[in-house]
Structures are given as C-alpha cells and as structure tokens.
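[1] for reference, the sequence and a predicted model appear below.
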Amino acid sequence: MSKLGVFDISVRYGKVPAVNDLTLHVTEGERVFVSGPNGAGKSSLLKAISGAVATSHGRIEMDGDLLTGCAPEAIARLGLSMVPEGREIFGALTVEENLRVGTGLRRDASAVEEDIADIYDSFPILGERRGAAAGALSGGQQQMLAIGRALMTNPKLIMVDEPSLGLAPKIVDQVYDTLCALQEERGLTLLIVEQSSLRAARVGGRMVLMRGGRIVGEGNAADMADRDALAAAYFGNSPTETEATT
Ligand SMILES: Nc1ncnc2c1ncn2[C@@H]1O[C@H](COP(=O)(O)OP(=O)(O)OP(=O)(O)O)[C@@H](O)[C@H]1O
C-alpha cells in the first residue's frame, strides 16, 4: 500500500531549480534512501514533503491526504515527522526541554509524559542525561535527541536528512541500529537522505539516486552500491546514459 505519493513535483528558489518534475512512491513500512551528489535536490525534496518549502507544481499525498499547500504543523499532525540536516537541537535547553518543544499546545498532557517515557525507553542515554544541556551532548547523542524529538508527534513516517553527518562510523552504526529498531517496533516508514551508498547497502532498503533535481536511478540499495550508477551520477552521466555508451 502506498504510504507516500509524490507526483511530478518541482521546487524552485527564485530562479534556481532544485527539484524537477519528480515522482516517487513509498510503500508503508518501507525504508528508502535518497542519495546523490551535493546540490542534487535531496534536502529540497524532503523539505517539500514536510511543507517547509513550497512546490511550484505537482502534488504530494500521504495515506490519500493531500499535503501540498499544508503548513508543516498540519503535516506533522497527519503523522509525518522530519529530522532536519544539522539536527537543529537547542543547545542551551536541556535534553527534556528539547523533547518538550512544540508540545505546549498539546491538550493530552498525560500522553506527553508517556511519550517522553517511551523515548527514554528507546534511548536510555537521553533519560540519563535528561537534565543536561543538549549542547553538551556528543554528536551521536544529539542525533538520537533529534530523532527522539521527531517521535514526540507519534509519526508513522519519519524523514531523516543525513543522519551520518559529522559522526564517526561506529556512531553512525548505532544511529542506524536505533532507527531500524524503532522502525520495527513502531511500524514506521523511513525516508532517509544518505550520501553513502555503501552505508545504505549495509543498512538495507531501496535506494533512489538523485541528480539535478531528478531521479536518475533506483533499486535495491545493495545492488545499487555494487553498480556504477552512483559514480555515473557523480561524474555526469545518468546510469542510462552510461549504459547507452558502453
Ligand atoms: N535556500 C536556498 N536558496 C537558494 N537556493 C537553494 C536554497 N537551498 C538549496 N538551494 C539550491 O537548490 C539546489 C538543491 O539543493 P539541496 O540542498 O536540496 O540539495 P542536496 O542534494 O540536499 O545537497 P546537499 O547534499 O549539499 O545538502 C542547489 O542548487 C542549491 O544550491
């Protein structure tokens, strides 16, 4: 069953095209990696889905609900959460205050407490450090906090923009182990921007390769890492173009 449907969307920043006529379908419970070189439009795609940037045409649906034109808060209420690139943690606030950001308007105060307890169950280190300033956490712990905060709206679909950024490989392993465990426990659908095709192959899932705002390759992450599709995109030929010339 299709969880997320992106139909022929484009995103522009003034005259700069970032996403061009892109169509993508994500099935419920699926794990999809979006890869590709810098400037390919990966972040813009995620931002368009979460409502953070407007599309110039096309439409986006989740569970049949139209997301296009909705405010990010309304999209979050429908069950879609985003962990942004760079995490956007409030360093001067405590871990727990970071988790509570945005819950002030929730009427279900007891459910907020339960959600926080659930997050401490999933991330014991956050529970241990609940009173510490978030800025004092390690990079890996901050990534866990950003994921924990995204869980506070009880999403069914989580988008994560470059969870590996700036983290040592061992810590990246832990972040992905946690994401995969959460996916299993909560039946989540995951859409992840990941620069490393090898990493995506190791974690497993479907990989979508972007270049110039378009999808230029798609397949099982392990197969994609084996092929030269990624290199082709980096060096200027789409996989189809490469095949045509060999
Ligand atoms: N706020 C902005 N204003 C103007 N142009 C932008 C803005 N954000 C992104 N762009 C441009 O849009 C295009 C796509 O950028 P985007 O950040 O979506 O790509 P990306 O694949 O996520 O790259 P990276 O891996 O470097 O984050 C690039 O040409 C970029 O320079």
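    Right, received. Where do you want to start?
[2] near the ligand, which residues of this structure?
    Proximity of the chain to the ligand (Cβ under 6 Å from any ligand atom) is limited to residues 13, 16, 18, 36, 38-44. C-beta coordinates here come from the backbone N, C-alpha and C atoms, glycine included.
[3] what about the strands in this protein?
    With strands called from DSSP state E, the chain shows them at 2-13, 16-27, 31-35, 57-62, 65-66, 80-83, 157-161, 189-193, 206-211, 214-220.
[4] a markdown table for the ones you listed, including mean pLDDT?
    A markdown table is the format used below for these (pLDDT from 0 to 100):
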| stretch | mean pLDDT |
| --- | --- |
| strand 2-13 | 96 |
| strand 16-27 | 97 |
| strand 31-35 | 96 |
| strand 57-62 | 96 |
| strand 65-66 | 95 |
| strand 80-83 | 94 |
| strand 157-161 | 96 |
| strand 189-193 | 98 |
| strand 206-211 | 95 |
| strand 214-220 | 94 |
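[5] tell me the two of the residues of the chain next to the ligand that are most distant?
    The span of the residues of the chain next to the ligand, defined through Cβ to Cβ, is set by 13 and 36 at 17.7 Å.
[6] who has more neighbours, these two?
    residue 36 (27 against 9; other Cβ atoms under 10 Å).
[7] and the residue nearest to the more buried one when sequence neighbours are not counted, what does it touch?
    Excluding its sequence neighbours, the residue lying closest to residue 36 (Cβ to Cβ, 6 or more residues apart in numbering) is residue 210, at 3.8 Å. Listed by Cβ atoms under 8 Å, 6 or more residues apart in numbering, the contact set of residue 210 reads 22, 34-36, 40-42, 45, 216, 233.
[8] for this structure, longest helix please?
    Determined from DSSP state H, the single longest helix within the chain is helix 169-186.
[9] for that helix, packing partners?
    helix 109-122, helix 139-151, strand 189-193, helix 197-203 (3 or more Cβ pairs under 8 Å, 6 or more residues apart in numbering; DSSP states H and E).
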